[in-house]
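Asks: here are the coordinates; sequence isn't available:
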């Protein structure tokens, strides 16, 4: 989703759509990479999202990512 901290236009549209869905009182379940999860949480916060992170290899990496995301 992010290259060197810069969002692409299509990603901005996706984040805007996710924000609107959440603002309508809906929950969003997304299958994302670890970087995608970081982007969503940093841009929109984590509340209202169920993030299924596809590329975490082991428990230690998962724990680190959860800590990083503030979970």
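Replies: Thanks, I have the structure now. Being a predicted model, the structure only gives us computed values, none of them experimental. Numbers count the residues shown, from 1 in each chain.

Asks: Do a quick rundown of the strands in the chain.
Replies: Per DSSP state E, the chain carries strands over the ranges 2-3, 6-7, 28-32, 49-53.

Asks: Let me know which of those strands is the nearest to residue 21.
Replies: Closest to residue 21 of the strands of the chain, according to Cβ to Cβ: strand 28-32, at 5.6 Å. Yep, even glycine has a C-beta here, placed from its N, CA and C like the rest.

Asks: which residues are in contact with the closest one?
Replies: Residues outside strand 28-32 that contact it (Cβ atoms under 8 Å, 6 or more residues apart in numbering): 1, 18, 21-22, 36, 40, 48-54.

Asks: on contacts alone, who are the packing partners of the helix ranked longest in the chain?
Replies: What stands out as the longest helix in the chain, according to DSSP state H, is helix 9-23. Applying 3 or more Cβ pairs under 8 Å, 6 or more residues apart in numbering; DSSP states H and E, one finds that helix 9-23 makes contact with strand 28-32, helix 34-44.

Asks: okay if I get these as CSV plus mean neighbour count, mean pLDDT and distance to residue 64?
Replies: Output for the helices and strands packed on helix 9-23, formatted as CSV (neighbours: other Cβ atoms under 10 Å; pLDDT from 0 to 100; distance: least, Cβ to Cβ, whole Å):
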stretch, mean neighbour count, mean pLDDT, distance to residue 64
strand 28-32, 13, 89, 17
helix 34-44, 18, 91, 10
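
Asks: any chance of the ones you listed in CSV, plus distance to residue 11?
Replies: Output for these, formatted as CSV (distance: least, Cβ to Cβ, whole Å):
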stretch, distance to residue 11
strand 28-32, 12
helix 34-44, 7
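
Asks: Tell me which of those sits nearest to residue 69.
Replies: The nearest among the helices and strands packed on helix 9-23, by Cβ to Cβ, is helix 34-44 at 5.0 Å.

Asks: what helices or strands is the closest one leaning on?
Replies: Here helix 34-44 touches strand 2-3, helix 9-23, strand 28-32, strand 49-53, helix 59-69, going by 3+ Cβ pairs under 8 Å, 6+ apart.
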